[in-house]
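Trainee: Sequence unavailable; structure follows:
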């Protein structure tokens, strides 16, 4: 009897909790619907960069959507879900308090000066914001697949021929955001540009196929002639244009893309400039572009190419280059105290290890640019 009563009370308790949760979910859904359809915020003004650009938008939507609808393309890789942290802007007035969903990506120092995630800011009144000047020059491009070339078992080189606009002005090391279809509508995914800045009529990428990845699956299945839309260019890499500054490029996997861009741009402008390329691979099947870079080094004696394999060589596998993690190769080959600037692109652990080596070699931290993925 006691067991039956215990079971009965347990079932009642579980049922009560379930009903309570369902009521909360229903209330939350009702509030979302009510705000969307019943609350009318009217037309609100968005002041960008002290009047440089003024928008009038319907209130109630997110700041990110309002900006995109008005061709102000803030970077965002997660489709406005607040899970990438890319869409940072500075809100000077009218944005309301910062939300818990933003604090993972906005540091306390950034929060004090008004940095917010545009996808989490709802426009309920006139709002004043500041965005990096470069973002006001970002455009939406329509392009066509010129070629899709297999580089390794999981990486393709995809070249997009620009249609409208038919040229792109990009700094070495910048990236674009490809618009890809998804069950929830179009989303954007970021990919570094591998074509050099002087090649203004194409945008080339190195795309690794990520199992289940929306962007990479879409791009790997494109055929020549298919139409593609993307926004760009984005990115904070800024190449030192003093020819006597040696450039260090370190990458792994698809981190090759910005390195190729930087190197080919340099040797178009400064044929005698000193550049080092360090590229980390697991094993020989991961190697690509090595022959092309060796040919470039024959033409430009100040270009040094070092590939390193991190996995032990398999039986019968031939390799006469460096082995071990790529930061060890950087430490081995670079002399200290040379005037340099460095660009790194690869996994976080690689970036951190290489950065420590470069600082030990005398490169100021401000001259080490990196992109983790």
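Mentor: Thanks, I have it. Note that the structure is a prediction, hence the values are computed from the model and not measured. Numbering: from 1, shown residues only.

Trainee: quick one: residue 326 from residue 348, how far?
Mentor: Per CB to CB, to the nearest Å, residue 326 is found 14 Å from residue 348. Where C-beta positions appear, they are placed from N, C-alpha and C, glycine not excepted.

Trainee: Check residue 89 too.
Mentor: 25 Å.

Trainee: more crowded one of these two?
Mentor: residue 89 (24 against 10; other CB atoms under 10 Å).

Trainee: Within the helices and strands, which one has the more buried one?
Mentor: Assigned by DSSP states H and E, residue 89 falls within strand 88-93.

Trainee: which helices and strands sit right next to the very next helix or strand once past that strand?
Mentor: From strand 88-93 onward toward the C-terminus, using DSSP H and E, the following helix or strand is helix 108-112. The helices and strands touching helix 108-112, judged by 3 or more CB pairs under 8 Å, 6 or more residues apart in numbering; DSSP states H and E, number zero.

Trainee: all numbers from here: first residue = 49
Mentor: New numbering, starting at 49: the last item is helix 156-160.

Trainee: partners of the helix or strand following helix 156-160, with directions?
Mentor: Using DSSP H and E, the helix or strand that follows helix 156-160 in sequence is strand 163-165. Sheet partners assigned to strand 163-165 using DSSP bridges are listed as strand 136-141 (antiparallel).

Trainee: what's the model's confidence in the strand it pairs with, averaged?
Mentor: Mean pLDDT, taken over the full extent of strand 136-141, equals 95.

Trainee: give the contact list for residue 190.
Mentor: Residues counted as contacts of residue 190 (CB atoms under 8 Å, 6 or more residues apart in numbering) are 210-212, 275-277.

Trainee: mind checking the backbone torsions on it?
Mentor: In this entry, residue 190 is assigned phi and psi values of phi -110, psi 130 (degrees, to the nearest 10).

Trainee: Let me know the pLDDT of it.
Mentor: Taking residue 190 on its own, its pLDDT is 98.

Trainee: low-scoring stretches of this protein, by residue?
Mentor: The model of the chain has pLDDT under 70 over residues 49-87, 421.

Trainee: quick one, helices of it?
Mentor: 50-85, 111-117, 156-160, 262-268, 304-317, 338-347, 374-381, 396-408 (DSSP state H).

Trainee: what's the closest of the contacts of residue 190 to residue 159?
Mentor: residue 277 (33.7 Å; CB to CB).

Trainee: got a list of what the nearest residue to the closest one once chain neighbours are set aside touches?
Mentor: For residue 277, ignoring the flanking residues on the chain, the nearest one in space by CB to CB, 6 or more residues apart in numbering is residue 227 at 4.3 Å. Residue 227 sits next to 234-236, 276-279 when contact means CB under 8 Å, 6+ apart.

Trainee: which residues does the residue most central in space within the chain form a beta bridge with?
Mentor: In the chain, the centroid-proximal residue (CA atoms, centre = their mean) is residue 238; its distance is 4.4 Å. When bridges are called by DSSP bridges, residue 238 pairs up with residue 225.

Trainee: So it sits against residue 121, correct?
Mentor: No: using CB atoms under 8 Å, residue 238 is not in contact with residue 121, being 12.0 Å away.

Trainee: any common contacting residues for these two?
Mentor: residue 225.

Trainee: Leaving out chain neighbours, which residue sits closest to residue 370?
Mentor: Residue 370 sits nearest to residue 356 (CB to CB, 6+ apart), 3.9 Å away.

Trainee: What about residue 151, how many residues nearby?
Mentor: Neighbours around residue 151, by other CB under 10 Å: 12.

Trainee: can you check residue 264 too?
Mentor: 22.

Trainee: ok, now how distant is it from residue 106?
Mentor: 34 Å.

Trainee: ok, now residue 172?
Mentor: For residue 172, the distance to residue 106 - CB to CB - is 11 Å.

Trainee: okay, these two: which has more neighbours?
Mentor: Under the criterion of other CB under 10 Å, the comparison of residue 172 against residue 106 puts residue 172 first, with 17 against 14.

Trainee: Name the nearest residue to that one, sequence neighbours excluded.
Mentor: residue 89 (5.1 Å).

Trainee: show me the contacts for that neighbour.
Mentor: By CB under 8 Å, 6+ apart, the neighbours of residue 89 are 106-108, 171-173.

Trainee: quick check, nearest of these to residue 344?
Mentor: residue 171 (50.0 Å).

Trainee: what about that closest one, how many neighbours?
Mentor: When neighbours are counted by other CB under 10 Å, residue 171 comes out with 23.

Trainee: Do I have it right that it meets residue 110?
Mentor: Yes: Residue 171 lies in contact with residue 110 (CB under 8 Å); the separation is 7.3 Å.

Trainee: Could you work out the end-to-end span of stretch 309-325 for me?
Mentor: One end of stretch 309-325 sits 12 Å from the other (CA to CA, to the nearest Å).

Trainee: Now find how far off-centre it is within its chain.
Mentor: 24 Å (CA atoms, centre = their mean, to the nearest Å).

Trainee: Contacts for it next, please.
Mentor: The set of residues external to stretch 309-325 that reach it, using CB under 8 Å, 6+ apart, is 220-222, 240-246, 285, 287, 291, 294-299, 307, 341, 344, 347-348, 350-354, 381-382, 391.
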